[in-house]
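>>> Predicted model and sequence below, questions to follow.
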Amino acid sequence: MTTIIDTLRNAHTTSSYLTLPAESLQSLYDTSYKFVTSGAAARSLHPEGLYNVFELHFFLSIITGKDSEASAILTTLTDRFGQDSHRVGVLRSIYLEATDGPVKALEFLSGRQDTELGTLKRKIVILKSSNQTSLYISELLKLVDNYPSDAESWAELASAYLEAGMYAQSIFALHEVLLLVPLAYNINALVGETSLLYASSLHAASSSHSVATEERLLEAVKFFLRSVELCEDYVRGWTGVLVATNRIAAIQKPFSDTSKYKRLYDVARKALTKIVETKDASESDLNAAQLVLKNY
Amino acid sequence: MSFISTAITVFALLLLFHAGYSAYEFSHYLKHLTVNSNATLPIDIITETIVATGLFALGQVLGADKLRPVSFAKWAKGLEREGKSPFSFLERRPGYMNVTKLREEYASTKK
Amino acid sequence: MVTAPDLVIDPSLRDWVLFPILLVMILVGILRHYITLLLQSSPKQLDLLAIREQQSLARGASLRSNGKLIPPSSFQSRKTYLIQAFKNGIFLKDQEAFKNKDEPKPPANPLAEPGGMDQMLNMLKGNMVMIVPQTLLMSWINFFFSGFILMKLPFPLTVRFKSILQSGVATRDLDVRWVSSMSWYFLNLFGLRSVYDVILGSNNSAGGGMDMAGMNPGMMGGGLQPGQDIYKLYLSEAENIELTTHEYLLEDIEDRILEKYE
C-alpha cells in the first residue's frame, strides 16, 4: 500500500508523466485509477496528498485520452475547491484545450483573473502551440518581469530562446534560474550543454577558431564540473565534461593553457567507464554514457 | 524494525524491569532486617542492569533505519538514480505542459 | 492522627458548577474557532504591478546570496542593471507618485491603502471574537457562582498562589489548595489550548487572542507593512548590491575536481 502511495506521490512531485513512454504511462494510469476509484485513496492519505493524487490522476487521464474520466475527477475537484481556485482553473483550461481546442481554452482563460501565475502560463502555452514564436517569447518576458522569482518561467524562457537559436539569451535565463535555485545540478549541466551549442554556432559563423568560441568551451567545462560536484556520478555532467574537453583538445592553437583539460578528459573517461562497468546509473543514462565513450 | 531487534529490545526491557523489581525487593528486605547493616546492592542486580541497558541499546541500533548520506552530492546521486531528482521540474515544467502534443504522442504510440 | 477535613464540598457543586464551566468553555472555544474561520476574508488579490513591486526586491537578495554561482560578466551586468533599476524606481507600481516624490506629501496613513484597511479589520474581528464571549462567560460565572469553592488540589502549595487560586473569595485563612470558581475559569482560559489542539488539530484559532501577540510579527515579516515606503527599501537594496563583491565559485573548479578524482 505504501509503495503505491509513494509511486503516485513521486510521480506527482517530479511530474514524471510528462516524459514517460506510453507503456509506463498506461501502467501508471492503471495504478492511479485503481487507487482513486477503490476509495483506498481517501482512507490512507491526508487531504493535501489526496488532492495531489487526484490532480495526478487528472493529468494521466487527459494524456492517455480518457476524457470522461478526466471530466469526472475535474468535477470532484471543482466541487471541493470551487470555480475560483487557481489550480482548478488551470486544470479546467487544460481539459478544454485537450477536448475543445485552444480557442475555447483561451476564451475560458481570459475570463479569469489575469494575476494568477498558472493562468498566465496556460495562455503562453497556447501561444506556443499555435506557433506564434515571437509573441510567445515576448509574453514570457512580460511574465518573468512581473514574477521574477518564478524559476520555472525562467527555465521555460531559456528553452524558448534555445529553440530560437539565441544561445546567449538562453544562458542568461539559465543563470537567472541558478540564482533562484542554486543547487539545481541539472540546470548547471544544461548551461554547459547550451554553451557547447553556442560554441558550435560561433565556430560555424566565423569558420576559424576564435577567442569567443574557446571561452564558451571553457565555460561549458566549468558548469559541467559544477554539476558533477553537486551530484556525484552524474552521467549527464561527466559526458558533458568528456565532450567539451575533447573539443578543447582538438583546438589547434589555443589562446589559453589547456593542459589541465587533458587531465580532466582522462578523469571524465575514467569516471564514465567506472559507472558503465558497475552499472551504477539508470538504463538510459548507461546507454548515453556508452555512446559518448565510443564517440569521443 | 526487524524481528531480531524487536526481540532483543523486549527481552532487554524485561530484564531491566526485573532488575528494578529486584532492587526494590532488596531494599524492602533490608528494612525488615533487624541488624542495622549498610549493605550495598548485590552484584548480580547491578550486572543485570548494565547488561539490560547494553542489550536495549543493541536492539535499538539493529532496528534503526538505514543511514542516509550526509553530503549533498551523495544524496543527489541516490535521488538521481531513482528518478526522484528534486530539480527535474525545472526541465519538465508542469506549468507549461503541452497537453495537445502529449495526447498526440500517446495516441500515435498506442496504435 | 487522622484529622477531619476542614471543609466538605457538596458533590453537586462538582456536577453542576465545576463540570459545566469546563464544558461550556470547551464548547465556546470550538464555537470561536468556527466563527473565526467564517469571518476570515480571503487574502486580497494584488494586481500585477504590486506583485512585481514586491518580487523585484527579492531579486536583489538572490543576486547577493547566489551571485557567486554565475560568471563575473553575467554578475556585473545584473549588478549594474539592478542598481540602476532600483534607483530609478522602475519596479514601482505608482510611477506618477515617484515622479512627484520631491513634493512634500502627507505622512502615510495605513488606513488609506486598501491592504492596510483589510488587515486592521481582520485584527478587529479577531479581537471581537475573543472579547465578546470572554466577557459573557465571566459575567455568567460572576453572577451565578461568585464566591464558590469548587475543588481541592491534591498537593500543597505556598501562600503566593492564593491570589491565583482564590480570586473572588475573601478569606485570609483558607488553605491555598481550595480553588474558587473564578480561578477555575482563569485556569481553563489559559490551560485549554492543548485540549483544543487535540479536538481541532494544531492550527486552530480557538485560543483566540492568546497567540495573537506571538503571531503578529510573523504576519508582518512576510509581506510589506502597509504605509511603508518601498522606494526606501529599494535604495537600501541597491546599496547592498553595490557593496557585494563577486567571488566566482567556479573559478578554480577544475582544480577542485582534479584534486578529488585524480
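That came through, no problem.
>>> burial count for the closest residue to chain B within the stretch 1-150 of chain C?
Closest contact between the stretch 1-150 of chain C and chain B, by Cβ to the nearest Cβ, is at C:Leu69 (13.9 Å). (Glycine included, C-beta is placed from N, CA and C.) By the criterion of other Cβ atoms under 10 Å in any protein chain shown, C:Leu69 has 21 neighbours.
>>> That one and C:Arg177: what is the separation?
66 Å (Cβ to Cβ, to the nearest Å).
>>> re earlier: could you find the closest non-adjacent residue to the residue of the stretch 1-150 of chain C closest to chain B?
In this structure, C:Leu69 finds its nearest non-sequential neighbour in A:Leu178, 5.1 Å apart by Cβ to Cβ, 6 or more residues apart in numbering or on different chains.
>>> Specify which residues of the stretch 151-296 of chain A, grouped into ranges, have pLDDT under the cut-off.
Low-confidence segments of the stretch 151-296 of chain A (pLDDT under 70): none present.
>>> What segments of it are helices?
Ranges of helices within the stretch 151-296 of chain A are A:151-163, A:167-180, A:185-206, A:211-230, A:235-249, A:259-278, A:283-295, based on DSSP state H, counting those that start in this stretch.
>>> Tell me which other helices or strands the fifth one touches.
Based on contacts counted as 3 or more Cβ pairs under 8 Å, 6 or more residues apart in numbering or on different chains; DSSP states H and E, the elements that helix A:235-249 packs against are helix A:185-206, helix A:211-230, helix A:259-278, helix A:283-295.
>>> Run the angle between the second one and helix A:185-206 for me.
Interaxial angle, helix A:211-230 versus helix A:185-206 (axes from the mean of the first three to the mean of the last three Cα atoms, to 10 degrees): 170 degrees.
>>> domains for the chain, by residue range?
Went with chain A since none was named. Domain ranges of chain A: A:132-174, A:183-296, per automatic domain parsing.
>>> hm, I was asking about chain B
Taken from automatic domain parsing, chain B resolves into B:3-62, B:72-110.
>>> if we can go back for a sec, TSV for the helices of the stretch 151-296 of chain A, including mean neighbour count and distance to C:Met182?
Output for the helices of the stretch 151-296 of chain A, formatted as TSV (neighbours: other Cβ atoms under 10 Å in any protein chain shown; distance: least, Cβ to Cβ, whole Å):
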stretch	mean neighbour count	distance to C:Met182
helix A:151-163	22	57
helix A:167-180	22	56
helix A:185-206	21	64
helix A:211-230	23	63
helix A:235-249	24	71
helix A:259-278	17	75
helix A:283-295	14	72
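>>> A:Ile187 is in contact with the residue nearest to C:Leu69, correct?
Yes. A:Leu178 is in contact with A:Ile187 according to Cβ atoms under 8 Å; the separation is 5.8 Å.
>>> who touches C:Leu148 in this structure?
Leu isn't right for residue C:148; it's Phe. C:Leu13, C:Val17, C:Ser180, C:Ser181 (Cβ atoms under 8 Å, 6 or more residues apart in numbering or on different chains).
>>> Go ahead and name everything in contact with stretch A:73-92.
A:36, A:51, A:54-55, A:57-58, A:61, A:95, A:108, A:112, A:116-119, A:121-122, B:95.
>>> how about it: buried residues?
A:Ile73, A:Leu74, A:Leu77, A:Val88, A:Gly89, A:Val90, A:Leu91, A:Arg92 (16 or more other Cβ atoms under 10 Å in any protein chain shown).
>>> Just the endpoints, please. Distance across it?
Its first and final residues considered, stretch A:73-92 spans 11 Å by Cα to Cα, to the nearest Å.
>>> any idea of the mean pLDDT for it?
Averaging pLDDT along stretch A:73-92 gives 90.
>>> now the strands: where do they sit in the stretch 51-200 of chain C?
Assigned by DSSP state E, counting those that start in this stretch, the strands in the stretch 51-200 of chain C fall at C:149-152, C:178-180.
>>> Throw the helices and strands packed on helix A:235-249 into JSON lines and include distance to C:Gln76, thanks.
Listed next are these as JSON lines, based on distance: least, Cβ to Cβ, whole Å:
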{"stretch": "helix A:185-206", "distance to C:Gln76": "18"}
{"stretch": "helix A:211-230", "distance to C:Gln76": "15"}
{"stretch": "helix A:259-278", "distance to C:Gln76": "25"}
{"stretch": "helix A:283-295", "distance to C:Gln76": "34"}
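>>> Distance check, C:Leu82 against C:Gly60.
From C:Leu82 to C:Gly60 the distance is 6 Å (Cβ to Cβ).
>>> Overlap in contacts, these two.
By Cβ under 8 Å, 6+ apart, the residues touching both C:Leu82 and C:Gly60 are C:Ala238, C:Ile241.
>>> Let's see the host helix or strand of C:Ile241 as PDB, backbone CA atoms only.
In this structure, C:Ile241 is located in helix C:230-243 according to DSSP states H and E. Presented in PDB, the C-alpha positions along helix C:230-243 are these (Å, rounded to 0.1, in the frame of the first residue of the first chain):
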ATOM      1  CA  ILE C 230       9.000  50.700  -0.700                       C
ATOM      2  CA  TYR C 231      11.300  53.100  -2.500                       C
ATOM      3  CA  LYS C 232      13.500  53.400   0.600                       C
ATOM      4  CA  LEU C 233      13.800  49.600   0.600                       C
ATOM      5  CA  TYR C 234      14.800  49.700  -3.000                       C
ATOM      6  CA  LEU C 235      17.500  52.200  -2.200                       C
ATOM      7  CA  SER C 236      18.900  50.200   0.600                       C
ATOM      8  CA  GLU C 237      18.900  47.100  -1.500                       C
ATOM      9  CA  ALA C 238      20.700  48.900  -4.300                       C
ATOM     10  CA  GLU C 239      23.300  50.000  -1.700                       C
ATOM     11  CA  ASN C 240      23.700  46.400  -0.500                       C
ATOM     12  CA  ILE C 241      24.200  45.100  -4.000                       C
ATOM     13  CA  GLU C 242      26.800  47.800  -4.600                       C
ATOM     14  CA  LEU C 243      28.700  46.600  -1.600                       C
END
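>>> quick one: buried residues of that helix?
For helix C:230-243, a neighbour-count test (16+ other Cβ under 10 Å) marks C:Ile230, C:Tyr231, C:Leu233, C:Tyr234, C:Glu237, C:Ala238, C:Ile241 as buried.
>>> Can you tell me which of the residues you listed is nearest chain B?
Taking Cβ to the nearest Cβ as the measure, chain B lies nearest C:Ile241 of the buried residues of helix C:230-243, at 25.0 Å.
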